[in-house]
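Chemist: This is a predicted model, with the sequence first.
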Amino acid sequence: MIRRNWLKAAVAALVLMFAPLTLAADTPEDTTQRVIQLDINSADASAIAAALDGVGLVKAREIVAYREMFGKFRSIDELAEVQGIGPVTVEKNRHRILIVNN
């Protein structure tokens with residue numbers, strides 16, 4: 001009887017010891033990326049550089065300068081007219097850009 005209780009306790013301890021590994025293996029990994037969207041008509045250069053892929057601070061300053069010179073952007077495609085921003089950069093960031101014309 002004592003031997004049987006000892007064996008049950010040993011098996012229970014093994015199950016509890018490996019249970020977290022089993023549970024962790026069954027849960028799916030979080031592969032979603034958080035997408036940051038910003039209003040290109042109100043964001044400053046540092047926010048633009050942080051949010052857009054392939055746009056550093058120099059290009060972000062060009063975006064702000066263009067906006068100050070010509071007014072608010074009316075479409076996302078208009079960004080391609082900014083010095084240093086091409087259609088490829090616009091396309092890879094399209095889902096991050098908002099155009100708010102208040």
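Modeler: That came through fine.
Chemist: quick one, what contacts residue 62?
Modeler: 82, 83, 84, 85 (C-beta atoms under 8 Å, 6 or more residues apart in numbering). For glycine as for every other residue, the C-beta is placed from the backbone atoms N, C-alpha and C.
Chemist: I'd like to know which of these are buried.
Modeler: 82, 85 (16 or more other C-beta atoms under 10 Å).
Chemist: Pick the one among the contacts of residue 62 closest to residue 101.
Modeler: Residue 101 lies nearest to residue 82 out of the contacts of residue 62, by C-beta to C-beta, at 17.4 Å.
Chemist: and the closest one, backbone torsions?
Modeler: Taking degrees, to the nearest 10, you get phi -80, psi 140 for the backbone angles of residue 82.
Chemist: any weak-confidence spans in the chain?
Modeler: Scanning the chain for pLDDT under 70 picks out 1-4, 6-7, 10-35, 102.
Chemist: Now do residue 67: how many residues are near it, please.
Modeler: 19 (other C-beta atoms under 10 Å).
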